[in-house]
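In: can't give you the sequence, but here's the structure:
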């Protein structure tokens, strides 16, 4: 997972430093958001996995939460990308952000109760 994080970081840095989304249009924006999503998702997955491992005393039990960490990391990065898109189009207000966070929270609650 750390190798995937390093690759996604390198991809995001390359896109961030070499591509101007304003000049390249839709493909530039797509590369920016996809690389940002992959970087954020891998960062959150590693962070949440580390937190779950610190909370669990038994090593065997902590490995069960990798799937949960993966889902939560992807949902958190999706929230950040949604907020970035709203900001790009200048429609981000506090209640848009709160509704987006509530939507992501409801998706997580669905998976936790299932």
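Out: Looks like it arrived, so ask away. Not measured: the values here are computed from a predicted model.
In: Quick check: closest non-adjacent residue to the residue nearest the centre of the chain.
Out: The structure's the chain has its C-alpha centroid closest to residue 77; by Cα atoms, centre = their mean the separation is 1.7 Å. Of all residues not flanking residue 77 in the chain, residue 40 sits nearest, at 3.6 Å (Cβ to Cβ, 6 or more residues apart in numbering). The C-beta positions use only the backbone N, C-alpha and C, and glycine is treated the same way.
In: Measure how buried the one you found is and give me the count.
Out: Per other Cβ atoms under 10 Å, the neighbour tally for residue 40 reads 21.
In: and whichever strand or helix holds the residue nearest to the centre of the chain, how far out from the chain's middle?
Out: According to DSSP states H and E, residue 77 maps onto helix 66-88. Mean C-alpha position of helix 66-88 versus that of the full chain (Cα atoms, centre = their mean, to the nearest Å) differs by 3 Å.
In: where do the helices sit along the chain?
Out: 2-18, 21-24, 26-55, 59-62, 66-88, 94-113 (DSSP state H).
In: Quick one: those as TSV, columns for mean pLDDT too.
Out: Shown next, in TSV, are the helices of the chain (pLDDT from 0 to 100):
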stretch	mean pLDDT
helix 2-18	92
helix 21-24	85
helix 26-55	92
helix 59-62	66
helix 66-88	94
helix 94-113	95
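In: Show me what the helix holding residue 77 is packed against.
Out: Other elements packing on helix 66-88 under the criterion 3 or more Cβ pairs under 8 Å, 6 or more residues apart in numbering; DSSP states H and E are helix 26-55, helix 94-113.
In: follow-up on the earlier one: the residue nearest to the centre of the chain against residue 41, yeah?
Out: Yes. With contact defined as Cβ atoms under 8 Å, residue 77 reaches residue 41; the gap is 4.1 Å.
In: In the helix holding residue 77, which residues are buried?
Out: Residues of helix 66-88 classed as buried: 69-82 (neighbour count, 16 or more other Cβ atoms under 10 Å).
In: if we can go back for a sec, what sits against the residue nearest to residue 77?
Out: Residues in contact with residue 40, defined by Cβ atoms under 8 Å, 6 or more residues apart in numbering, are 73, 76, 77, 80, 81.
In: The same query, at a cut-off of 10 Å, please.
Out: 8, 12, 73, 74, 76, 77, 78, 79, 80, 81, 84 (Cβ atoms under 10 Å, 6 or more residues apart in numbering).
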